[in-house]
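Participant: This is a predicted model, with the sequence first.
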Amino acid sequence: MPSSPAAPTRRTVLRTAAAASTLTTAAALAPHPAHAAPGPSRGTELILLGTSGGPVPMHGRAGIASALVVDGRAYLVDCGPGMFGRYAQAWLTAGQLAAIFVTHLHSDHLSDLYALLWLRFGGFQPLDGPVDVYGPGSAGNLPAVWPKGRSVGTVSPSEPAPGTEDLIAGHIAATAYDINVRMRSEGWPDIRTLIRPHDVRFALPKGAGPRKLMAPPMEPFEVMRDDRVRVTAVLVDHPPVFPSFAYRFDTADGSVVFSGDTAPCANVARLARGADVLVHEVMDLDTLALGGLRPAQLRHMEISHTDATRVGPLAERAGVGTLVLSHLVPGATNVVSDSTWHTKASRGYSGRVIVGNDLARLPVGSRRT
C-alpha cells in the first residue's frame, strides 16, 4: 500500500533532508521546560537555540543559533530560521541581548538576524540599549563558479559582495516605512541608534582570499572584549564562502568555541585548544548519500562540512572537555537518531559528547553567587 502524506517513506524523508542540506546523553544537555523560570543571573550558560543546518526548515529543529549567557547578558552566535521564537522560548528577553556574532553570510545563519532586532527595537520588552553585531566584511568579489567546470544558468553581470555593515544598512532602508511609522505613532526610538554593525577586520594571512585559500594557518585574533567576555576568531574552511569565521568566548567561568560551518580545519583546533566546550557542526555523509544527492553535491558537502566521524579526532587534538554537536545535517530528528550522532562523533575522542537539541542548556564552569 502506498504511504500516505502523513507517513512518508524513509527514503522520501532522507531525500528531502539531503536536498535541503545542500546549501549522547540526553540528561547531560536537556531542553529547558517551557513553564520553568529563567536560570541564574550569574555565571556562564550555553543555550542551543537552533541546531539544524539549513536553509530549509527541518522536523524537530530550528535553524542554527546559539546563545552564551554571561552574568545575565546574552551573546548570540548566528541567527538561523526559527531562532526568533526559540529566543523567547529560552526565557531570554530583548533587554538581555548584548551582541550578535555572525560566522558567515549564508542565509541559514542570517535569516532571523534582522527580525530579532527589527521586531524588538521598541514597544513591549524592547532592546535595553545598543546591540553590537559582528560579522564578515565584504569579500571584495565573488568566488569563481565553484566547483570548477560546474554548469550554471544565468550568471549575474555584477558581483555584489556586501559585508555585515552593508547588510544591516540595507535591511533598515528596506523597512523604513514601518520604522518611521512606529517612531511617529508609538514613540519608538531610532533603530539606527540601537544597532551597531561591525565588519570584522583582521590581517589576512598569506594566500587567503575568496579565490585563493579559505583558511590558511593563522593565529586567533581579537574581535571584541568587554567586562564579561573576550571574543577571538579565526578563518575556517567553508568554500566557496569567504570570509567564514569560528569564534571563541573566554569568560570568568571558562571558554566556549563555535566552529561555524567548516570542513575539518586546523585553525579550529588551534582556536579551541584547551577550551571547556567546542560546539562543532556535523553532517552524516552516509545518510546524505542514501537521500539521493548527486556525486558533485556529495563532494561539495565533503569539502565544505565535517562528517560526524571526523569531528572526534579534531576535538581530541584540541584537548576540549566537551564536544557539542550542532548544525546537524540532515537536521530532522526523524532521520538520524541522537545515538547514531553520538556514536560516530565519539570515535577518536575521549571527552564528553553531547548531541545538540533545541533549547538545551549547559552550564560552563561553576561560578555562582
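Facilitator: In hand now; what should we look at? Numbers count the residues shown, from 1 in each chain.
Participant: Now do the helices in the stretch 51-200 of the chain.
Facilitator: 83-89, 107-110, 113-118, 164-174, 176-186 (DSSP state H, counting those that start in this stretch).
Participant: Make CSV out of those helices and add mean pLDDT, mean neighbour count and distance to Asp226.
Facilitator: Heads up, the C-betas are built off the backbone N, CA and C, glycines and all. As requested, the helices of the stretch 51-200 of the chain are exported to CSV (pLDDT from 0 to 100; neighbours: other CB atoms under 10 Å; distance: least, CB to CB, whole Å):
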stretch, mean pLDDT, mean neighbour count, distance to Asp226
helix 83-89, 96, 20, 21
helix 107-110, 96, 22, 23
helix 113-118, 95, 19, 19
helix 164-174, 97, 16, 19
helix 176-186, 95, 12, 28
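Participant: May I see these arranged in CSV, with distance to Val277 as well?
Facilitator: Putting the helices of the stretch 51-200 of the chain into CSV (distance: least, CB to CB, whole Å) gives the following:
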stretch, distance to Val277
helix 83-89, 19
helix 107-110, 20
helix 113-118, 23
helix 164-174, 25
helix 176-186, 38
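Participant: Poorly predicted segments of the stretch 51-200 of the chain, please.
Facilitator: 145-159 (pLDDT under 70).
Participant: can you rerun that using 80?
Facilitator: 141-159 (pLDDT under 80).
Participant: Would you map the strands across it?
Facilitator: Using DSSP state E, counting those that start in this stretch, the strands found in the stretch 51-200 of the chain span residues 65-70, 73-79, 97-101, 131-136, 195-200.
Participant: dump the residue contacts of Arg120.
Facilitator: Counting by CB atoms under 8 Å, 6 or more residues apart in numbering, Arg120 touches 94, 126-127.
Participant: how about 6 Å then?
Facilitator: 94, 127 (CB atoms under 6 Å, 6 or more residues apart in numbering).
Participant: and stretch 265-277, how far apart are its ends?
Facilitator: 17 Å (CA to CA, to the nearest Å).
Participant: Could you pull up the mean pLDDT of that stretch?
Facilitator: Summarised as a single mean, pLDDT over stretch 265-277 is 98.
Participant: Report the beta-bridge partners for Arg230.
Facilitator: Arg225, Asp250 (DSSP bridges).
Participant: before we move on, what about Phe101?
Facilitator: Val77, Tyr134.
Participant: Number of residues surrounding it?
Facilitator: Residues lying near Phe101 (other CB atoms under 10 Å) number 27.
Participant: That one reaches Cys79, doesn't it?
Facilitator: No. Look at Phe101 against Cys79 with CB atoms under 6 Å: they stay out of range, at 9.8 Å.
Participant: Nearest approach to Lys212 belongs to which of the helices of the stretch 51-200 of the chain?
Facilitator: The closest of the helices of the stretch 51-200 of the chain to Lys212 is helix 164-174. By CB to CB, the value is 21.4 Å.
Participant: Tell me the gap between stretch 303-320 and the middle of its chain.
Facilitator: Centre-to-centre, stretch 303-320 and its host chain are 17 Å apart (CA atoms, centre = their mean, to the nearest Å).
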